[in-house]
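Asks: take this sequence and fold it.
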Amino acid sequence: MAKVVLPLAKGFEELEAVALIDVMRRGGIEVCIAYLGQDRAVLGANGITLMADTPIAEVSADAFDMMVLPGGWGGTYALAEDAKVISLLQEFKANKIVGAMCAAPYVLKKAGVLGHDYTCYPGSRDEINHPGYREDSKVVVDDNVMTSQGPGTAVCFGLAILERLAGVQTMQKVKEGMLLDYC
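Replies: Down below sits the predicted model:
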């Protein structure tokens, strides 16, 4: 079974985090929600609190196949300033998979791991300021870097991650079970 770590910081985009976690878990991926700081209860950008599993300080890249970041500028800025998050992204990029959506490709850029082709929330493009931006796809895969656009594309991003880590059949089964006719 594949394992994914998804770090949260205050101000994360709740819809993105929950959709990613839900879709991956439906497909049998073990998802560990990591938190920055001292509090397991992480407040999102829209006032919704999620309970995380483990502090980011205790996360080892060796234990996971992928690290994926939800967006939301508050959480994104906090992740981008966290030395442990940056070093984990660099470790993952070397031989595993990294993913980010919405504003969070900013963190990938800061860590020096954003691929050439990527997408993000259109309003984040200027701040990310990186060549290779694509607006023509909900999800962009560039080798071992996966990116997506925003809250409305979170389920599609989760399915793309599921396809990559668990295979096409598992992804199709989850997609059909969710009655999705897009993505």
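
Asks: isn't Lys93 up against Lys109?
Replies: No: judged on Cβ atoms under 8 Å, Lys93 makes no contact with Lys109 at a distance of 11.9 Å. In this view, the C-beta of every residue, glycine as well, is placed from N, C-alpha and C.

Asks: please say which of the two ends up with more neighbours.
Replies: Lys93 (21 against 18; other Cβ atoms under 10 Å).

Asks: how far away is that one from Leu114?
Replies: For Lys93, the distance to Leu114 under the criterion Cβ to Cβ, to the nearest Å works out to 9 Å.

Asks: now the common contact residues for these two.
Replies: When Cβ atoms under 8 Å, 6 or more residues apart in numbering defines a contact, the residues bordering Lys93 and Leu114 alike are Val145.

Asks: what is the neighbour count of the closest residue to Met101 other than its chain neighbours?
Replies: Counting by Cβ to Cβ, 6 or more residues apart in numbering, Ser148 is the residue found nearest to Met101 once chain neighbours are left out, at 3.9 Å. Residues contacting Ser148 under the criterion other Cβ under 10 Å number 34.

Asks: I'd say Ser148 and Ile161 touch.
Replies: No: proximity of Ser148 to Ile161 does not meet the contact threshold set by Cβ under 8 Å, at 9.2 Å.

Asks: what do the two both touch?
Replies: Gly99.

Asks: wait, doesn't Met101 sit right on Gly152?
Replies: No: in this structure, Met101 sits apart from Gly152 without contact. The criterion is Cβ under 8 Å, and the distance is 10.5 Å.
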